[in-house]
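Visitor: One predicted model, sequence on top.
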There are 2 protein chains.
Amino acid sequence: MAAYPPTPQTTPTRYRERARYDRQTVHRILDESLVCHLGYVHDGRPVVLPTTHARVDDTLYIHGSTGSGPMLAARLSGLPVCVTVTLVDALVLARSAMHHSLNYRSVVALGTARVVDDPAEKARAFNALLDHIWLGRAADCRPPNARELAATAVLALNLVEVSAKVRDGGVADDTEDLDLPHWAGVVPLTLTPGTPIPDRNVEVPLPAYLR
Amino acid sequence: MAAYPPTPQTTPTRYRERARYDRQTVHRILDESLVCHLGYVHDGRPVVLPTTHARVDDTLYIHGSTGSGPMLAARLSGLPVCVTVTLVDALVLARSAMHHSLNYRSVVALGTARVVDDPAEKARAFNALLDHIWLGRAADCRPPNARELAATAVLALNLVEVSAKVRDGGVADDTEDLDLPHWAGVVPLTLTPGTPIPDRNVEVPLPAYLR
């Protein structure tokens, strides 16, 4: 589990102490994020679309549809992409306006994405995408048929040029501000799954992996 | 409150019924999202960075730092950007692999961002960014001094070419799959603020707006 080597693109211009390159940190953030933001260039202009993703070892799979712009472009010769995920962990309320912040963990992955054509790899990618939504679902649903497989496309990005950025801890006010009469502190944020709501006519009991 | 006019770029190629152009829907999603993903083109390649934002009427303000790549580029002649925010509301677990999905609300805003230079507008933008983190903070902290103002940059994007996309409701399995022996339903997700944790030496009581 060596670290990803930093490159000029993955070295932040500010807050360099927040950068992380170790695989464990990068992988955990990617695995915990439910959505990614897929950036690519179309007619010279930036496009950023939210979609779902899943990581298998050092490959990031990105969900798409066969006829969409990025998929058509990627089919030709690969698509230069920037895939970014962000988890917000807390609000940081400082005594000074300047030091208001968020605690967050983000990953930026750069590279050229390819369309997954090999049927075995595509099946593995689908299973990973399903289990990324909720672990256990890939084994507990009807697999895609030929028509569904043809309609869905998956991009793959090798994790090579990738970095994480982490802001954690408390308020970072300057010393001369510490006595100001403003409340300062951190408000933690938690993304919580609620009680599963069954679809109409579901007679199967709630599976153990959802309890 | 007329709707934003759709353009080819803001008309989805799939799931067109999920597109929304009314200002109320677009504004609510922008206002509820804690972070945005700012996409721009650097040396012909896409870059997507998470940052904070705030909306004032039909202007989206985006937080940055003076020396950063996008700010330097924007200073020349404006920066073509795509700003995307995404809220995830639920996991949608279907009987078929194909119909697994997320309930989400996203906004994509396209255009050319400018650097905010006017001091009065910059002050308004800062206040909006602070109140976006938690309503009430702009009036309850030390305002930025000249050095801090100079170090922080704000981009402004006029909301003109903008659309929302909303997936809500339940499972959308095909009729022939409804009797399959797989549990199907929706798992709601909620982002919940926890108990505020005061910084060391804070003697000010917790303000009413945080209770």
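Guide: That came through fine.

Visitor: for the longest helix seen in chain A, which positions count as buried?
Guide: Among the segments of chain A that qualify as a helix by DSSP state H, the longest is helix A:119-133. The neighbour-count check on helix A:119-133 (16 or more other CB atoms under 10 Å in any protein chain shown) flags A:122, A:124-130, A:132-133 as buried. From N, CA and C alone the C-beta is placed, and that goes for glycine too.

Visitor: Dump the following helix or strand past that helix to PDB, restricted to CA.
Guide: Following helix A:119-133 in sequence order, the next helix or strand is helix A:146-151 (DSSP states H and E). The C-alpha trace of helix A:146-151 is given here as PDB (Å, rounded to 0.1, in the frame of the first residue of the first chain):
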ATOM      1  CA  ALA A 146     -28.300  -8.300 -22.400                       C
ATOM      2  CA  ARG A 147     -30.500  -5.300 -23.300                       C
ATOM      3  CA  GLU A 148     -29.800  -3.600 -19.900                       C
ATOM      4  CA  LEU A 149     -26.000  -4.300 -20.200                       C
ATOM      5  CA  ALA A 150     -26.000  -2.700 -23.700                       C
ATOM      6  CA  ALA A 151     -27.800   0.500 -22.400                       C
END
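
Visitor: by contact count, what packs against helix A:146-151?
Guide: Judged by 3 or more CB pairs under 8 Å, 6 or more residues apart in numbering or on different chains; DSSP states H and E, the packing partners of helix A:146-151 are helix A:119-133.

Visitor: can you list the residues that contact the helix it packs on?
Guide: Helix A:119-133 is contacted by residues A:31, A:34, A:52-56, A:61, A:63, A:116, A:137-138, A:141, A:143-144, A:149, A:152, A:154, A:156, B:91, B:93, B:97, B:100, B:102 when judged by CB atoms under 8 Å, 6 or more residues apart in numbering or on different chains.

Visitor: From those, which land in helices?
Guide: Using DSSP H, the subset of the contacts of helix A:119-133 located in helices is A:31, A:149.

Visitor: Filter the contacts of helix A:119-133 down to the buried ones.
Guide: Here, 16+ other CB under 10 Å leaves A:34, A:52-55, A:61, A:63, A:116, A:137-138, A:141, A:144, A:149, A:152, A:154, A:156, B:91, B:93, B:97, B:100, B:102 buried among those.

Visitor: Now intersect those residues with the strands, please.
Guide: Residues of these located in strands (DSSP state E): A:53-55, A:61, A:63, A:152, A:154, A:156, B:91, B:93, B:102.

Visitor: Among these, which one lies nearest to residue A:188?
Guide: Proximity of these to residue A:188 (CB to CB) peaks at residue B:91, which lies at 22.2 Å.

Visitor: List the beta-bridge partners for that closest one.
Guide: Beta-bridge partners for residue B:91, by DSSP bridges, are residue B:102, residue B:187.

Visitor: how about the helix or strand of chain A with the lowest mean pLDDT: buried residues?
Guide: Here the helix or strand of chain A ranked lowest by mean pLDDT, DSSP states H and E is helix A:69-77, holding a mean of 77. Judged by neighbour count (16+ other CB under 10 Å), helix A:69-77 contains these buried residues: A:69-71, A:73-74.

Visitor: Next, format those residues as a markdown table and append distance to chain B.
Guide: Below are these laid out as a markdown table (distance: CB to the nearest CB, whole Å):
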| residue | distance to chain B |
| --- | --- |
| A:69 | 7 |
| A:70 | 10 |
| A:71 | 10 |
| A:73 | 12 |
| A:74 | 13 |
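
Visitor: Can you pick out the most distant pair from those residues?
Guide: A:69 and A:74 (9.5 Å).

Visitor: if we can go back for a sec, dump the buried residues of helix A:119-133 into a markdown table; add pLDDT as well.
Guide: As requested, those are exported to a markdown table (pLDDT from 0 to 100):
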| residue | pLDDT |
| --- | --- |
| A:122 | 94 |
| A:124 | 95 |
| A:125 | 97 |
| A:126 | 96 |
| A:127 | 97 |
| A:128 | 98 |
| A:129 | 98 |
| A:130 | 98 |
| A:132 | 98 |
| A:133 | 97 |
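
Visitor: right, and residue A:36 touches residue A:50 too?
Guide: Yes. In this structure, residue A:36 is within contact of residue A:50 by CB atoms under 8 Å, at 7.3 Å.

Visitor: quick one: which of the two has more around it?
Guide: Neighbours were counted for residue A:36 and for residue A:50 using other CB atoms under 10 Å in any protein chain shown; residue A:36 has more, 26 against 22.

Visitor: Which residues does the nearest residue to that one once chain neighbours are set aside form beta bridges with?
Guide: Setting aside the residues directly before and after it, residue A:36 is nearest to residue A:53 in space (CB to CB, 6 or more residues apart in numbering or on different chains), at 4.3 Å. Beta-bridge pairing of residue A:53 under DSSP bridges involves residue A:62.
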